[in-house]
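Enquirer: Could you look at this predicted model? Sequence included:
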Amino acid sequence: MSTFEFPPSIRSRPVYCVLQARPGKAHLMIADAEGAEALIDLALRAPELMAKAHVIYIPKATDFGAALKALNPAQYYEGPSYSAAVSRIKRVFLDASMGLQIYLSGTEGLMGQALSEAMQAGYDHTAIQTEHRGSLARRMQCVHCKGITEDVSNDPFQCSHCGLNLFVRDHYSRRLAAFQGVCIDAEEPGNVPPSKELYS
């Protein structure tokens, strides 16, 4: 099982739980990588959901596709990246009727981006279920150049856009679906502590 218990943090940091079956006319399930395990666990507890489920899966370097298809969801899509799947996700929200239940699982980057799309479509973020599975890497925004760096797993890290050395903060923006990184050596250029893995 690829779960991790995040240490207590500031209020803006997302809190994840275990996906629970909810009654609804339709069920949108979006996952990447090991997030598929959470969908499989949910389906084992509530197999009746799958007859009304639209599963969108981004495997990354994993191979849970066959196991997800074996659950016989009403609709199944497997794509190479979030950006390849986002037009489908937007279409599901556009066509959805009352009673759609949304389940997100996997990496923080995927869940944050899908949650942001749902909020733009009018869904309240408190009604959307999220379960973290797999990689602890973060989606980071540089507060200086506003560039986004995906899959940041070390602190500090170098911004992929402007090159500044950034401190990985727990401050999170739901609107941007990203954590915020701030220059770590602004007052003493070049004084950068050794980079270490997040949560090590």
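Expert: Arrived safely. The shown structure was predicted, so the numbers you read here are calculated from the model rather than taken from an experiment. Residues are numbered from 1 along each chain as shown.

Enquirer: how many other residues sit next to residue 60?
Expert: By the measure other Cβ atoms under 10 Å, the count of residues near residue 60 is 19. C-beta here means a position set from N, CA and C on the backbone, and glycine is covered the same way.

Enquirer: Tell me how far the closest residue to it other than its chain neighbours lies from residue 95.
Expert: Taking Cβ to Cβ, 6 or more residues apart in numbering, and ignoring the residues beside it in sequence, residue 60 has residue 33 as its nearest neighbour in space, at 4.2 Å. Between residue 33 and residue 95 the distance, using Cβ to Cβ, to the nearest Å, works out to 27 Å.

Enquirer: of these two, who's got more company?
Expert: The residue with the greater number of neighbours, taking residue 33 and residue 95 and applying other Cβ under 10 Å, is residue 33; the counts read 21 against 9.

Enquirer: for the more buried one, what are its contacts?
Expert: Applying Cβ atoms under 8 Å, 6 or more residues apart in numbering, we find residue 33 in contact with 58, 59, 60, 61, 62, 106, 107, 133, 134, 135.

Enquirer: Return the distance of residue 117 relative to residue 25.
Expert: Applying Cβ to Cβ, the value for residue 117 to residue 25 is 20 Å.

Enquirer: Looking at those two, which has the bigger crowd around it?
Expert: Each of residue 117 and residue 25 has its neighbours counted (other Cβ under 10 Å); residue 117 has more, 19 against 11.

Enquirer: quick one: the more buried one is in a helix?
Expert: Yes. Residue 117 forms part of a helix when assessed by DSSP: H, G, I helix; E, B strand; the rest coil.
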